[in-house]
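K.L.:
Turn this into a model:
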Amino acid sequence: MVTTAVVKTLKPEEMVGIGNNIMPRTFPLDKVRNIGIIAHIDAGKTTVTERVLFYTGRTYKVGGVDEGTAVMDWMQQERERGITITAAATTCQWGEHRINIIDTPGHVDFTAEVERSLRVLDGGVVVFDAVAGVEAQSETVWRQADKYSVPRICFINKMDRVGADFYRTISMMEKRLRTRAIPIQLPLGKENLFQGVIDLIDEKAWHFSDDAGTTMVEMPVPEEKKVEVAKYRRSLIETLAENDDQLMLLYLEDEDIPSHEVKAAIRKLTLANRIVPVLCGSALRDKGIQLLLDAVTDYLPSPLEMPPVRVIDSESSEEVLWEASDDAPFLALAFKVVADPFMGRLVYFRVYSGKVRVGTQVFNSSRGHKGRLGRLVLMHANKREEVKEVDTGAIAATLGLKDTFTGDTLCDLAHSVVLEPIRFPEPVLSVVAEPKSKADQDRLGEALNKLSEEDPTFKIRSDEETGQTLISGMGELHLEVLIDRMLREFNVMVRVGKPQVAYKEAITVPVETEGRFIRQFGGHGQYGHVWLRLEPGGRGSGFKFLNQLRGGTIPKEYVPAVEAGVKEALENGVVAGYPIVDIKVTLYDGSFHEVDSSELAFKMAGSIALKDGVSKAKPTLLEPIMKLELVLPAQFLGDAIGDLNSRRGHIEGIETQGEICVVRSFVPLAETFGYATALRSLSQGRATYSLEFDCCKEMPANLVEQIKVGAKGR
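P.N.:
All right, here's what the predicted structure looks like:
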């Protein structure tokens, strides 16, 4: 049931823990923009963000990725590798607007950073490389933005590079992203002759008159471009008129349509996710950034223009629509936890409604406990600006919330509601991590716990048979960075084993199973007895537990213990000891003893029933399947396809772009180890590729037997 929240306007004295001292809002809520910069690796996201900070006056000097001086790439590992690893937040001002920005990673191993950033943002700037066009991770971040219905504008970057093609990139966007890409600018010149852009809305050109691009000169559209500009402007107006009655009327009457009407129509359709405006430029050469900032304020939404967030009322369990307003009760989502070496444990949060001051007591409705906000800070990468209060639409961080984790809801004490948590992909690669000395062993546990708090895709588990610690992540680079951080930040030296595929186990047929745990010790004993129904779930459905007990066969206080026992048993499967996933468990019968029954007994009974049932349900192994995109000269295509076939690859499609071929395929993760070396050899070092996790699929039976044998030898 969906209802609209009846949110009364609270008087200042009614705001829990805030008192009468309400600070006036610095920026009106309709002038706030929360945006993310998202793209494939090396498309120029961080360079765009650095220029935005410079032109908005947030920094006085332009940072560079190649020089290791980028403000937003503040981690040592980022500066050494020249890539973004962690999403960095900052805030700046453009005209009358405040823009809160999150610069996200482009590498697939750090896709969780993009996921949690898009969950709390209102708009996105998607950056594309004008030479490469739409790349593999471009598709991934686009799907993530679709998932959260984030309105977007696109910036085709690197227009000054040899091979840059604005029109081909737009064609790829429409074909591969299945979107309505609408150019609102055209490039003025191309490659080394790229000088500026032509504005299709106002029909004028902007020439960047110096190499730095800091000076914009307005000029008429060049004669040789007028026919092309008229064609693309007519196409723009026709697209808008199809979806806007007011514009359609003016268009049919052949009226001259004012610029402000065109902009209003673009904004309306962008916010509805029906079109995506496209701009172009060169961030490295400082061309087009000011116009991009104008587009952010003109076409991306304020918090007021976003649909009300859906929350679950803790008391009634009904779904409620919650409006964004400073006068509403406080509501925020914690989307990131960072162990700051100077300040301690920082929790990043996005405020959806209300205001909150330093020292306010808030309620963590996801975990059912209270906490008091310590210092409040606005983040500028790894630098902090202390504030006394944050309001609706703010992205801030706080100290003091020790028991708050990624995805938790923070709310007013008197209005307990829960936001939908953030869901992250499961890790696909594991390695054994062993401390090199006794001193390292003592510090290893603390380091692993802190890193897993920060990164929900970093998992830790112990192998029951060997006693070894297994750490799992999204890829080799992900684990390499985490191990490097253990050494630098926590002074822990670890010995790392060879990468292992993080297989999963799943059942293939439904079964009913019994679990009994009965012990007698002469006096008080233990008695737990349950019947469970196990059913295979769809891929990616995870674990579901249902209680269908009737007539008090088991007291309800023992049901959580049964679920806990089942969850514990899922950690180590019966085929090769891998976690069991995609399973539905229903508790439907059992019995208890008035004296001897206990939570421990029912937990053990649940665990016994689960393991016994899984062994009867024809369990199998699931292996991670990676989406591989390969770019190489056409002369090496045959050898590359032969190599993919030998790796159990499935070719989805091949595109030809001149002398270059793009091969899209699916390959089991286990077959990708050593691929970089093999590819370099067969292509004379001229091929590049990217991998991203796609799904888990059932392994062939003969390979399952090999894994079983290997597991017995561990």
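K.L.:
Helix, strand or coil: sort out the most centrally placed residue in the chain for me.
P.N.:
In the chain, the residue lying closest to the centroid (Cα atoms, centre = their mean) is residue 115, at 1.0 Å. Secondary structure for residue 115, judged by DSSP: H, G, I helix; E, B strand; the rest coil, is helix.
K.L.:
isn't it right up against residue 422?
P.N.:
Yes - counting by Cβ atoms under 8 Å, residue 115 does reach residue 422; the two are 6.5 Å apart. All C-beta atoms are positioned from the backbone trio N, CA, C, and that covers glycine.
K.L.:
quick one: common contacting residues for these two?
P.N.:
With Cβ atoms under 8 Å, 6 or more residues apart in numbering applied, the contact sets of residue 115 and residue 422 do not overlap.
K.L.:
and the helix or strand harbouring residue 630, average pLDDT?
P.N.:
Using DSSP states H and E, residue 630 sits in strand 620-633. Mean pLDDT, strand 620-633: 88.
K.L.:
same deal with stretch 584-601?
P.N.:
89.
K.L.:
Could you do stretch 181-192 as well?
P.N.:
Mean predicted confidence for stretch 181-192 is 92.
K.L.:
and it, how far out from the chain's middle?
P.N.:
30 Å (Cα atoms, centre = their mean, to the nearest Å).
K.L.:
Over to stretch 41-55?
P.N.:
Using Cα atoms, centre = their mean, the offset of stretch 41-55 from its chain centre is 19 Å.
K.L.:
for stretch 337-348, same thing?
P.N.:
20 Å.
K.L.:
Over to stretch 681-692?
P.N.:
Distance of stretch 681-692 from the chain centroid (Cα atoms, centre = their mean) equals 27 Å.
K.L.:
next one: stretch 436-448
P.N.:
Here stretch 436-448 is found 30 Å from its chain centre; the criterion is Cα atoms, centre = their mean.
K.L.:
in it, what counts as buried?
P.N.:
Across stretch 436-448, burial judged by 16 or more other Cβ atoms under 10 Å covers 440, 443-444, 447-448.
K.L.:
Which residue in those has the weakest pLDDT?
P.N.:
Among those, residue 440 has the weakest pLDDT, 80.
K.L.:
That one contacts residue 490, correct?
P.N.:
No - using Cβ under 8 Å, residue 440 is not in contact with residue 490, being 9.5 Å away.
K.L.:
Helices of the stretch 501-650 of the chain, start to end?
P.N.:
559-570, 599-616, 637-646 (DSSP state H, counting those that start in this stretch).
K.L.:
looking at those, which is closest to residue 677?
P.N.:
Closest approach to residue 677 among these is made by helix 637-646 (11.4 Å; Cβ to Cβ).
K.L.:
for whichever strand or helix holds residue 48, packing partners?
P.N.:
Assigned by DSSP H and E, residue 48 falls within helix 45-55. If you count contacts as 3 or more Cβ pairs under 8 Å, 6 or more residues apart in numbering; DSSP states H and E, helix 45-55 packs onto strand 32-39, strand 88-94, strand 97-103, strand 123-129, strand 152-157, helix 289-299.
K.L.:
so can I have TSV of these showing mean neighbour count?
P.N.:
TSV is the format used below for those (neighbours: other Cβ atoms under 10 Å):
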stretch	mean neighbour count
strand 32-39	26
strand 88-94	21
strand 97-103	25
strand 123-129	25
strand 152-157	27
helix 289-299	21
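K.L.:
These: lowest mean pLDDT?
P.N.:
strand 88-94 (a mean of 86).
K.L.:
Any regions of the stretch 51-200 of the chain where pLDDT drops low?
P.N.:
For the stretch 51-200 of the chain, the stretches with pLDDT under 70 are 60-85, 106, 108.
K.L.:
Then the stretch 501-650 of the chain?
P.N.:
521-523.
K.L.:
Model confidence score at residue 281, please.
P.N.:
92.
K.L.:
one step back: of all the helices and strands packed on helix 45-55, which one is nearest residue 137?
P.N.:
strand 32-39 (7.4 Å).
K.L.:
Parallel or antiparallel, which strands does the closest one pair with?
P.N.:
For strand 32-39, the paired strands and their directions (DSSP bridges) read strand 97-103 (parallel), strand 123-129 (parallel).
K.L.:
Identify all contacting residues around the last one.
P.N.:
Residues lying outside strand 123-129 but in contact with it, judged by Cβ under 8 Å, 6+ apart, are 33-40, 42-45, 48, 118, 134-135, 138, 141-142, 145, 150-158, 169, 173, 276, 292, 296, 300-301.
K.L.:
Name the residues of the following helix or strand past that strand that come out as buried.
P.N.:
If you walk from strand 123-129 toward the C-terminus, the next helix or strand you reach (DSSP H and E) is helix 136-147. Neighbour-count burial for helix 136-147, counted by 16+ other Cβ under 10 Å, picks out 136-142, 144-145.
K.L.:
May I have helix 136-147 exported as PDB, CA atoms only?
P.N.:
Extracted as PDB, the C-alpha positions of helix 136-147 are listed here (Å, rounded to 0.1, in the frame of the first residue of the first chain):
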ATOM      1  CA  ALA A 136      32.000  -1.400 -21.800                       C
ATOM      2  CA  GLN A 137      31.900   0.400 -18.400                       C
ATOM      3  CA  SER A 138      29.900   3.200 -20.000                       C
ATOM      4  CA  GLU A 139      27.100   0.700 -20.500                       C
ATOM      5  CA  THR A 140      27.500  -0.500 -16.900                       C
ATOM      6  CA  VAL A 141      27.200   2.900 -15.300                       C
ATOM      7  CA  TRP A 142      24.400   3.800 -17.700                       C
ATOM      8  CA  ARG A 143      22.400   0.800 -16.500                       C
ATOM      9  CA  GLN A 144      23.100   1.800 -12.900                       C
ATOM     10  CA  ALA A 145      21.800   5.300 -13.600                       C
ATOM     11  CA  ASP A 146      18.700   3.700 -15.200                       C
ATOM     12  CA  LYS A 147      18.200   1.600 -12.100                       C
END
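K.L.:
ok, back up a step: let's have the strands paired with strand 32-39 in a markdown table, adding distance to residue 164.
P.N.:
Below are those laid out as a markdown table (distance: least, Cβ to Cβ, whole Å):
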| stretch | distance to residue 164 |
| --- | --- |
| strand 97-103 | 23 |
| strand 123-129 | 9 |
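K.L.:
all strands of the stretch 101-250 of the chain, in order?
P.N.:
123-129, 152-157, 181-183, 185-188, 196-199, 204-208, 216-219 (DSSP state E, counting those that start in this stretch).
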